[in-house]
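In: Sequence and computational prediction follow.
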Amino acid sequence: MSPEKYYITTPIYYPSDKLHIGHTYCTVATDAMARYKRMQGYDVMFLTGTDEHGQKIEEKARAAGQTPQEFVDQIVAGIQSLWKLMNISNDRFIRTTDPYHVQSIQKIFRQLYEKGDIYKSTYKGKYCTPCESFWTETQLVDGKCPDCG
């Protein structure tokens, strides 16, 4: 009988700057659970990684005189170096800029588009870059984001 499977993941971190203690806490907690489940005999898949798209990354890369890919490559190298130093036991590290990830998402998007689940339309609202949220006019507080102002 093959061991029961157990999947665990950290959030897929947003590399707009160096990591902080919250990233480390979450990763250490996830690592502890993955190790515990392995000791119990589970076949564990522990995933972590980075979401490397977004307006904040584009803006920070421009300010640093780099392309977004160059910018995130440096930050991700630091993350991977830190996880290695801390002996984090992840099985995979995903980057949303990895070619296999891009191809997979394009395939899924294409299938959804062909089924009519994705279509062109108009959306009216305000976008808050710091919060990465869309808000309608009625949700705004004095014309500003209700979360961060």
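Out: Received the coordinates, thanks. Note that this is a predicted model, so its numbers are computed, not measured.

In: hang on, Tyr7 is in a helix, isn't it?
Out: No: assessed with DSSP: H, G, I helix; E, B strand; the rest coil, Tyr7 is strand; it does not lie in a helix.

In: which residues in this protein form helices?
Out: 21-39, 55-63, 68-85, 99-114 (DSSP state H).

In: Which among these is found nearest to Lys144?
Out: helix 55-63 (17.6 Å; CB to CB). Just so you know, the C-beta spots here come from the backbone N, C-alpha and C atoms, and that holds for glycine as well.

In: Which pLDDT value goes with Gly22?
Out: At Gly22, the pLDDT value in this model is 90.

In: Tally up the residues packed near it, please.
Out: 10 (other CB atoms under 10 Å).

In: Verify the contact between Leu47 and Ile94 for me.
Out: Yes: under the criterion of CB atoms under 8 Å, Leu47 makes contact with Ile94 at 6.3 Å.

In: Quick check: which ranges of the protein have low pLDDT?
Out: The model of the chain has no residue with pLDDT under 70.

In: Break it into its domains for me.
Out: 5-96, 122-148 (the TED database).
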